[in-house]
Every structure is written in C-alpha cells, then in structure tokens.
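In: coordinates only, sequence not included:
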C-alpha cells in the first residue's frame, strides 16, 4: 500500500531580492483516500527552474503568481503507486506540474503518461533535455528565431538546461557557428568540449559586451537566444547582422533585482539593423510543436547525437537549497531534486 503522507514545500512569504530559507515552509500533509478516477504518484524527480523566481512575486507576469501558503508548483516525474483510474494503472510513468512534494495525488487528467525512449532513459530527462527546457530550446530556434541552415547563433546561459539544448539543436538544425556565454572557465570548457560550441565567453572574467564584439565582431550574428537579459542583450544588439533575430526566453540576470534595471543603450540598433526581437513562452506553442519535438529530439537522442549534464540534489528537504543554487548559477545542465 502506498504512503498517504506527502512532504511538501510551500511559499511562506514573498522574497525581496534573493530568496531566503524563511520564504519557504516544509509541511507534511495527510492525503485523503483516492476517489474514483484519481491516482497517487511517488515522485522520483522534481524540477527547479528560473521562472519560479518570477512566480514568487505578486507582480503581473505571463503566469499566475504562487499564492502564499500554497505549494511551489512545477514539473515533476514519477510512478503511479496507487490508482482508481483505468487510464493510468499502477506502474505508469507520469509527468505532472504539482511541483515540490514527494507524493502527488489528483485526478488522472492532471498527469501525462510518458512513453520512455527506452527502459534505460533516465526519468529526469523528461524534466530537462526531453522535457520543458528541451522544447523551449526547439521552439525558440525553429518558431521564434526561424533558424536557417548556415546561420550563426549566440546563446546566453549556455551551460544551463535550455542553453545546452539550444547549442546542440542549433548545430543539428544546420547552424554554421554556435557561440555561448557561461560563468567561469570550467563551464566555458564544458560547452566547447562536450556540447560542441565554437566559442564560449566567460561573463565573469570581463564584460560580455567587450567579449562579444571581439569574438563575434564583424562576422555578425544571425540569431541570439536570450536566457539572461541585461548586459547580454546589450552585447548581442551590438553584433547582430541585418535582419538578425532575438528569441527572448528569460532574464535570469535580473530576476532578483531590487531596483529598476537600466535598458540597453543601443536599442537603436533594432531599427538600424532591422532586427526582430520577440519574447516567447513555451506553453503557448507546446500543443502545436510538442509531437514534432518529441519525434525529432527523440530520434536525435536514440541516434546518440545528444549529450546532457544534470546537477542532482538529493532529498525533498533540500529543494530550497537546490533552487537557490540554480539562481546562483551553480548548476551545469538541468538542476533537479531526486526524491
């Protein structure tokens, strides 16, 4: 019989600046008996993601803010351990968005069955390369930036879950040159040696704008995939070629800011170079692109054309520390919590 006790991480208060441990509560909740059509899931991995920092604020955004006193919702993957649904019998692998808890329960319609690429495919990949970060990278390149064969790509946050996917997908989609930025020499070496980037710029070593002008410079840039914002966007606007495209995915460099951040001083380049700058949220495109992504990325993975890194933190009680580590840039690849 499955356990009816669920350990959950709730938002206790809204942070000002960088989150602190006292912004969260850890609670143990007694789950009711399953109703008809419901399932109980033992999570194996939960996801911590940069966008969660934005949802901790009450400010208007593309997603509803977390409510104080409620669980930190987000992606998780696990096994059905008890079922009153013929659609999801015990043993089914499922993906859901109930977030930071070790045991999840609800109607079967709240859970998505996963067809694993193989029995050896780690479940954590469905929170990373084969999940939301992967489809985000694919949508940004194919639908927003409309990457064409032979073009150059620059991605900020290249060592993260989305960034490592962007670099690999761009190459497989025919990009001629792939540039990335990362924090520190180890991450820069990782993205060039393991992920095949042509060049990596260490934003901690010197201003990224100076490096972009030196490394990309007069060659010009066709596509910028932005995960960081701020100085990185400014750097990209300096070097984008005529009719270049910017896919704005995130702005992790500004999520913890407590003061208004200045905008790029070179916005006139958008007009001068006839650039397209578009923000996007993967959920707006997931229904349209999801099957295509799973087919294409699944084949790349099966063919051994994709590699990945994960930063795994053990234990539901360490979810907050994992999240803080993500915001500090301590992860290589996808940051997940193993239950």
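Out: Noted; the coordinates are in hand. Predicted model, so just to flag it, every value in this text is computed and none were measured. Numbering: from 1, shown residues only.
In: contacts, neighbours, all on C-alpha from now
Out: Noted.
In: which stretches of the stretch 151-300 of the chain form helices?
Out: For the stretch 151-300 of the chain, helices defined by DSSP state H, counting those that start in this stretch occupy the ranges 161-172, 185-193, 208-215, 231-239, 268-272, 286-302.
In: pick the most deeply packed of the ones you listed.
Out: helix 161-172 (a mean of 25; mean count of other C-alpha atoms under 10 Å).
In: residues making contact with that helix?
Out: With contacts defined as C-alpha atoms under 8 Å, 6 or more residues apart in numbering, helix 161-172 is touched by 128-129, 133-134, 136-138, 141, 147, 153, 155-158, 177-180, 191, 195-197, 225, 227, 306, 308, 332-335.
In: quick one: which helix or strand includes residue 7?
Out: Assigned by DSSP states H and E, residue 7 belongs to strand 5-11.
In: show me what counts as buried in that strand.
Out: 6-11 (16 or more other C-alpha atoms under 10 Å).
In: what's the first helix or strand after it?
Out: Following strand 5-11 toward the C-terminus (DSSP H and E): strand 24-30.
In: and that following strand, which residues are buried?
Out: 24-26.
In: show me what it is packed against.
Out: Judged by 3 or more C-alpha pairs under 8 Å, 6 or more residues apart in numbering; DSSP states H and E, strand 24-30 is in contact with strand 5-11.
In: run the chain-centre distance for the helix or strand of the chain with the lowest mean pLDDT.
Out: Lowest on mean pLDDT, DSSP states H and E among the helices and strands of the chain sits helix 51-55, with a mean of 91. Distance, stretch centre to chain centre, for helix 51-55: 11 Å (C-alpha atoms, centre = their mean, to the nearest Å).
In: how about it: buried residues?
Out: Going by neighbour count (16+ other C-alpha under 10 Å), the buried part of helix 51-55 is 52-55.
In: what about the residue nearest the centre of the chain, distance to residue 160?
Out: Geometric centre of the chain, nearest residue: residue 133, 4.0 Å, by C-alpha atoms, centre = their mean. For residue 133, the distance to residue 160 equals 9 Å [C-alpha to C-alpha, to the nearest Å].
In: quick revisit: does the residue nearest to the centre of the chain touch residue 125 like I think?
Out: No - applying C-alpha atoms under 8 Å as the test, residue 133 and residue 125 come out as separate, 9.8 Å apart.
In: which residue packs closest to the residue nearest to the centre of the chain, ignoring adjacent ones?
Out: Leaving aside its sequence neighbours, residue 133 sits nearest to residue 162 (C-alpha to C-alpha, 6 or more residues apart in numbering; 4.8 Å).
In: what does residue 234 give?
Out: Leaving aside its sequence neighbours, residue 234 sits nearest to residue 264 (C-alpha to C-alpha, 6+ apart; 5.1 Å).
In: residue contacts, the one you found?
Out: 230-231, 233-234.
In: please apply the same query to residue 31.
Out: 4-6, 105 are the contacts of residue 31 under C-alpha under 8 Å, 6+ apart.
In: tell me which of the residues you listed is nearest to residue 273?
Out: Taking C-alpha to C-alpha as the measure, residue 273 lies nearest residue 105 of those, at 51.8 Å.
In: how about that closest one, nearest residue that isn't a chain neighbour?
Out: residue 40 (4.4 Å).
In: distance of the one you found from residue 47?
Out: Separation of residue 40 from residue 47 (C-alpha to C-alpha): 19 Å.
In: my read: residue 94 touches residue 109, true?
Out: No - using C-alpha under 8 Å, residue 94 is not in contact with residue 109; the gap is 10.9 Å.
In: more crowded one of the two?
Out: residue 94 (23 against 14; other C-alpha atoms under 10 Å).
In: can you list the low-confidence ranges for the stretch 1-150 of the chain?
Out: Confidence mapping of the stretch 1-150 of the chain against pLDDT under 70 gives the ranges 1.
In: can you pull out the strands in it?
Out: Using DSSP state E, counting those that start in this stretch, the strands found in the stretch 1-150 of the chain span residues 5-11, 24-30, 38-47, 76-83, 93-96, 103-107, 112-113.
In: and the last one, what does it pack onto?
Out: Looking back up the chat, that one is strand 112-113. Counting by 3+ C-alpha pairs under 8 Å, 6+ apart, the packing neighbours recorded for strand 112-113 are strand 93-96.
In: wait, isn't residue 243 in contact with residue 276?
Out: Yes - here residue 243 reaches residue 276: they are 6.9 Å apart, a contact under C-alpha under 8 Å.
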